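Below are the sequence and a predicted model for it; my questions follow.
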Amino acid sequence: MSAVEREMPCTDNAAAPTTANETPALSSCRATSARSVTLELLDASRVAPAGATLCADQPRRRVPADAAAPREVFDGFIAEAKRQRQTLIGRHREHFGQRLGAQRVGDGLHEPKCNRDTVRPMHALLLGATGLVGRGLLAQLLRDGAFAKVTVIARKATGEQHSKLEEHVLDLGEMQAHPHLFRTGAIFCALGTTIKTAGSQERFRVVDYDYPLMAARLGKEQGATHYLLVSALGANANSRIFYNRVKGEVERDLLALNYPKTTIARPSLLLGERTEFRPGERGFAQLGWLMPPAYKPIHGRDVASALVDAAKTQESGVQILESRAMRTRRK
């Protein structure tokens, strides 16, 4: 059936019954309108030839001669949507490194599902678990589902009980006799003391320099890939201040081991409940509001939280966590 036959213009001279009060032209238009309504029910796509004049009660709609049928347009839209969906799935595969799959059911597709087997829980080793930052690290590691096992090496028991916790109480100078304990993915070192507590600068250096590097070397030999160290603000191997110089030296020699990933936290004065009384720290803490932002005191749990988050990132290389950034990152 031609387009002209689907919608007859008013100039059509087809015969139609007339009444006494109707002119032939009005009767012709009425007959054409009735015929158009009937054909519209049979074919929803009404097309008028260019230049044709439609009756007043007929909608005016012009469609290009080369336009696709509605069904073809709909099929094309569905095909394009499916193509874009597959493109997005491919981008997710490339970005996250996870296998995303789509299972066809009937004419539709299930939503892609991540293969959670590709995400492996981590094993962490913690040194210095009884200190201010160490206690915060232990609590957060045990709560975090990303860590399946937490091994602690400490000089005294932590008092914690947890299904993920494996605790070894020993003299830190004997770590070399237990290399198997360092077969882990991430090593957290929160060892630290004061000259007053250690009794001498030599003993201070053993705790803050020798033990952290001993653990780092053992971990590197056993396949550890990430070492996370609690250092201090102002660490500088060339500093005239003994404390800052030792912290800078341990950072320097740790980086020389070339771990695939190294994270160093440099907190300012630490806040929190300590097991030992440090009057100097408490006095400075009360004046913290007077200090410049970079030097303001920071709570031990904020340092621990920054380190735990750093352990869960996928980036490799060296990351330095400055005190101000750790203190303000969640605010």
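Everything's here; your move. Numbers count the residues shown, from 1 in each chain.

where along the chain do the helices fall?
Assigned by DSSP state H, the chain shows helices spanning 3-6, 24-42, 70-96, 132-143, 195-198, 201-205, 211-222, 242-255, 279-286, 300-311, 323-328.

Point out the other helices and strands that the fifth one packs with.
Going back to what we said before, that points to helix 195-198. If contacts are counted by 3 or more C-beta pairs under 8 Å, 6 or more residues apart in numbering; DSSP states H and E, helix 195-198 sits against helix 201-205. Glycine gets a C-beta too; all of them are placed from N, C-alpha and C.

Which elements pack onto the helix it packs on?
With contacts taken as 3+ C-beta pairs under 8 Å, 6+ apart, helix 201-205 sits against helix 195-198, helix 242-255.

any idea which of the ones you listed is most buried?
By mean neighbour count, with neighbours taken as mean count of other C-beta atoms under 10 Å, helix 242-255 ranks first of the helices and strands packed on helix 201-205 at a mean of 19.

Kindly export that helix (C-alpha atoms) in CSV.
Provided in CSV are the C-alpha atoms of helix 242-255 (Å, rounded to 0.1, in the frame of the first residue of the first chain):
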residue,chain,number,x,y,z
PHE,A,242,70.8,13.2,68.6
TYR,A,243,67.2,12.1,68.6
ASN,A,244,66.5,13.5,65.2
ARG,A,245,69.7,12.2,63.8
VAL,A,246,69.0,8.6,64.9
LYS,A,247,65.5,8.8,63.4
GLY,A,248,67.0,10.1,60.1
GLU,A,249,69.6,7.4,60.0
VAL,A,250,67.1,4.6,60.4
GLU,A,251,65.0,6.1,57.6
ARG,A,252,68.0,6.4,55.3
ASP,A,253,69.2,2.8,55.8
LEU,A,254,65.7,1.4,55.6
LEU,A,255,65.2,3.0,52.2
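
Name the single longest strand found in this protein.
strand 147-154 (DSSP state E).

The spatially closest residue to Glu167 that is not a sequence neighbour: neighbour count?
Leaving aside its sequence neighbours, Glu167 sits nearest to Val152 (C-beta to C-beta, 6 or more residues apart in numbering; 4.7 Å). Other residues within reach of Val152, judged by other C-beta atoms under 10 Å, total 25.

Quick one: residues contacting Val152.
Contacts for Val152 (C-beta atoms under 8 Å, 6 or more residues apart in numbering) come out as Leu125, Leu126, Ala129, Leu138, Thr158, Leu165, Glu166, Glu167, His168.

Relative to Gln201, how far out is it?
28 Å (C-beta to C-beta, to the nearest Å).

Okay, now the unreliable bits of the protein?
1-74, 77, 89-119, 274-290, 330-331 (pLDDT under 70).

Show me the domain layout of it.
Using automatic domain parsing, the domain ranges for the chain come out as 71-117, 122-328.

Could you single out the most deeply buried of these?
When these are compared using mean count of other C-beta under 10 Å, domain 122-328 is most buried, at a mean of 17.

That one: end-to-end distance?
27 Å (C-alpha to C-alpha, to the nearest Å).

So that it lines up with my notes, have the first residue be 22 from now on.
That works, and once the first residue is 22, the last one we named lands at domain 143-349.

one step back: now the helices and strands packed on helix 222-226 in TSV, with distance to Thr246?
Listed next are the helices and strands packed on helix 222-226 as TSV, based on distance: least, C-beta to C-beta, whole Å:
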stretch	distance to Thr246
helix 216-219	31
helix 263-276	14
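
These: which one's closest to Ala346?
Proximity to Ala346 (C-beta to C-beta) singles out helix 263-276 among those, at 16.9 Å.

helices or strands next to the closest one in the packing?
Contacts defined by 3+ C-beta pairs under 8 Å, 6+ apart place helix 263-276 against helix 222-226, helix 232-243, strand 247-251, strand 282-287.

what does it contact?
In contact with helix 263-276 (C-beta under 8 Å, 6+ apart) are residues 216, 222, 225-226, 229-230, 233-234, 237, 248, 250, 252-253, 255-260, 283, 285, 339.

ok, now which ones touch His247?
Gly206, Ala207, Ile208, Tyr280, Pro281, Lys282, Thr283, Thr284, Ala332.

Nice, that's everything, thank you.
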